[in-house]
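Participant: need a structure here:
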Amino acid sequence: MPADSASSAPAKSAPATRGIDWHRVFAFPNPVNEYAARITAALVVALSAVTLLTGFGWGLAVIAAGFWLRVLFGPRISPLAQLSVKVLTPWLGRTRLVPGPPKRFAQGIGAAVSTASAVLLAAGLAPAAWVLLAVLITAASLEAFAGFCLGCTIFGFLQRRGLIPEDVCEACNNISLRGA
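Facilitator: Numbers count the residues shown, from 1 in each chain. A predicted model of the protein is given here:
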């Protein structure tokens with residue numbers, strides 16, 4: 001076989017990569033419909049209020065699990081988010097797109113607070129657990145009923161201080177990129 005015939009043969013294409021696309025598994029929507037986020041927050045308020053009023057400790061585990069599902073996977077597998085995104089928000093018929101990273105950060109704070117509350121309750125520190133749940137209800141109520149996302153505000157503060165890189169949320173830094 002002549003030396004140049006090997007170079008003229010078509011190159012073999014690389015085998016298709018198989019496996020899990022972890023970026024897609026842990027994707028969070030960007031942008032996010034603010035109305036869907038607010039409805040989800042209202043559902044969190046309702047579930048949290050019932051948990052607080054009844055003292056039903058398993059409610060804390062359900063609330064924490066919901067936050068962890070939303071922070072890790074977005075709204076795709078969270079029952080409250082699915083109800084909000086697929087049923088209630090379309091029924092409302094309103095859309096206002098906002099950046100996703102601050103909303104994910106807010107979900108992370110909710111996951112931390114609700115998990116801490118559940119751990120405190122399991123450790124026999126019920127008063128502290130219920131106080132943390134009341135803090136969560138307050139923050140979720142601000143989002144749901146006043147449109148003020150405390151977690152998003154904290155995200156912006158941390159980003160302005162350089163603790164969250166600017167490239168995490170370009171729209172947060174550039175007013176011209178924000179949804180109207």
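Participant: Please count neighbours and contacts with C-alpha atoms only from this point.
Facilitator: OK.
Participant: quick one: the helices in this protein?
Facilitator: 3-8, 22-25, 34-54, 58-73, 79-82, 89-92, 100-122, 126-141, 150-160, 170-173 (DSSP state H).
Participant: Show me what the longest one is packed against.
Facilitator: If I follow you right, that is helix 100-122. Where contact means 3 or more CA pairs under 8 Å, 6 or more residues apart in numbering; DSSP states H and E, helix 100-122 is packed against helix 58-73, helix 126-141, helix 150-160.
Participant: How many residues are close by Gly19?
Facilitator: Gly19 has 6 neighbouring residues, counting by other CA atoms under 10 Å.
Participant: repeat for Val32
Facilitator: Using other CA under 10 Å, Val32 has 21 other residues around it.
Participant: contacting residues for it?
Facilitator: Arg96, Leu97, Val98, Pro99, Gly100, Lys103 (CA atoms under 8 Å, 6 or more residues apart in numbering).
Participant: what's around Arg18, how many residues?
Facilitator: By other CA under 10 Å, 6 other residues sit near Arg18.
Participant: And Ala146, by the same measure?
Facilitator: That count, for Ala146 with other CA under 10 Å as the rule, works out to 10.
Participant: what about it, distance to Ala116?
Facilitator: 25 Å (CA to CA, to the nearest Å).
Participant: Need the pLDDT of the residue nearest to Glu143 when sequence neighbours are not counted.
Facilitator: Closest residue to Glu143 apart from its sequence neighbours, by CA to CA, 6 or more residues apart in numbering: Cys149 at 4.8 Å. Note on Cys149: pLDDT of 94.
Participant: number of nearby residues for Cys149?
Facilitator: Number of residues near Cys149 (other CA under 10 Å) recorded here: 22.
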